[in-house]
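1. Below are the sequence and a predicted model for it; my questions follow.
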Amino acid sequence: NCDSSVLHSLVFIHMMYNCRVVVLSACTLAHVVAMRVATRSDLPPCHPILDFSSVVKYWKLNGTEQVSFLQGRGCDARSNPSPETADYTCAENAFACAANEPIANPNSYMCCNIKYSSRSGPRITNMLGESLDVWRAGLSTLVQIPKAREVAPTLLVQINVQPYAPYWYTMGCEDGRIAEVLVSGTSLGESNVTVRSGALHANESFAVRVGDGLWQELSWRTAVVDQAVTFVSSPSMMITGVITATDPQHWGPDASAVINVGGLSITVQQHTLGSADEGKPMLDVGVNGAYSKSQGVGGLLGPDGTILVQGTAPVPCMTIDASVSA
């Protein structure tokens, strides 16, 4: 006897309609006090304290333009007159860094005022209507059926949360977003399904892959608006995709995919902030369908979602403070 209940959950990015204020967590990071560096070669580059959009602009500039760009964000250009005897020093709570200066200025450096913040991430609404924040980067399980970990899952839905700019490339204040959705389990047979994010014009656009097969793109190169495409059609699984404007008041046309498997429908909708090389694609995930109460639902979207995120906290970080000159 299968006592079925309805599962309806949604994962969405908090930036969709309103920006959520993130509480500053300066107390969790040591303040930078009169940062001293002995030699210019020891100076870190300046770009890690910029956000994604600023980094894109920054790397299009030459060395002199990069200095002006940083000055426009409150950084102060300095020069060390005696590099062999003096340190490269900035004031309290300022970050000493090196722009790509011309060779004629080998002793110059920048002092950029910094502020402390926390990484934000996607917000989840589970099947009980509770809102949860996913602070941790990497893979997280949204749905696992059955709930018991000792049993091979018939359906496993995971998300890969990553920033727009990799954390190794920045100090880590880039917001986390759902970059990939991974679906696996015995209901799919031996092949898992991966849905990746990617702007419709990008070289690596929104795409679906089954197992280790080729990526099947859904982009301006491969599709037109409002014309659905079928990626997979089999007795056990159906995957379709379309480029459409699901919410034209807030978003333009973008890609989505629907995976029907094991009595559940998994909808992956992309939204892209910005355009061209500054486009920032993010994925929303919705899960609908019936499941067996006797098997239960595990993962963040299940009834134990709040327990699974207990003890996690936003990761502290630091970024440039353009409102104050260094």
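-> Perfect, I can see it now. Numbering: from 1, shown residues only.

2. centre of the chain versus the helix ranked longest in the chain, how much separation?
-> Criterion DSSP state H: the longest helix present in the chain is helix 63-71. Its chain's C-alpha centre and that of helix 63-71 lie 28 Å apart, by C-alpha atoms, centre = their mean, to the nearest Å.

3. for stretch 180-189, same thing?
-> For stretch 180-189, the distance to the chain centre is 21 Å (C-alpha atoms, centre = their mean).

4. Could you give the average pLDDT over the strand or helix carrying Val285?
-> Val285 is part of strand 280-292, with elements assigned from DSSP states H and E. For strand 280-292, mean pLDDT is 91.

5. which residues touch the helix or strand following it?
-> Note on strand 280-292: by DSSP H and E, the next helix or strand toward the C-terminus is helix 305-308. Helix 305-308 has contacts (C-beta atoms under 8 Å, 6 or more residues apart in numbering) with Ile124, Asn126, Leu128, Glu130, Leu132, Gly299, Leu300. Heads up, the C-betas are built off the backbone N, CA and C, glycines and all.

6. please redo it, this time with the cut-off set to 6 Å
-> Asn126, Glu130, Leu132, Leu300 (C-beta atoms under 6 Å, 6 or more residues apart in numbering).

7. Next up, the contacts around the last one.
-> To tie it back to what came earlier, the one meant is Leu300. Applying C-beta under 6 Å, 6+ apart, we find Leu300 in contact with Ile124, Leu142, Leu308.

8. And the second one, by the same measure?
-> The neighbourhood of Glu130, defined by C-beta under 6 Å, 6+ apart, consists of Thr306.

9. Check the spacing between it and Val297 real quick.
-> 14 Å (C-beta to C-beta, to the nearest Å).

10. same question, Val157
-> Counting by C-beta to C-beta - Val157 and Val297 are separated by 10 Å.

11. between those two, which one's more packed in?
-> Comparing Val157 with Val297 by other C-beta atoms under 10 Å, the one with more neighbours is Val157, at 28 against 25.

12. Could you spell out the sheet neighbours of the strand or helix carrying the more buried one, each with its direction?
-> Using DSSP H and E, Val157 sits in strand 155-163. Using DSSP bridges, the strands paired with strand 155-163 are strand 138-145 (antiparallel), strand 176-184 (antiparallel).

13. His180 bridge partners, please.
-> For residue 180 the amino acid is Glu, not His. Beta-bridge partners of Glu180, as defined by DSSP bridges: Asn160, Arg196.

14. doesn't Gly198 make contact with it?
-> No. The pair Glu180 / Gly198 is not scored as a contact, 10.1 Å apart, by C-beta atoms under 6 Å.

15. Compare those two (neighbour count), which wins?
-> Between Glu180 and Gly198, Gly198 has the larger neighbour count (other C-beta under 10 Å), namely 21 against 17.

16. Distance from stretch 227-244 to the middle of the chain?
-> The answer for stretch 227-244 is 26 Å, by C-alpha atoms, centre = their mean.

17. Can you list the buried residues in that stretch?
-> For stretch 227-244, the neighbour count (16 or more other C-beta atoms under 10 Å) marks Val229, Phe231, Val232, Met237, Ile239, Thr240, Gly241, Val242, Ile243 as buried.
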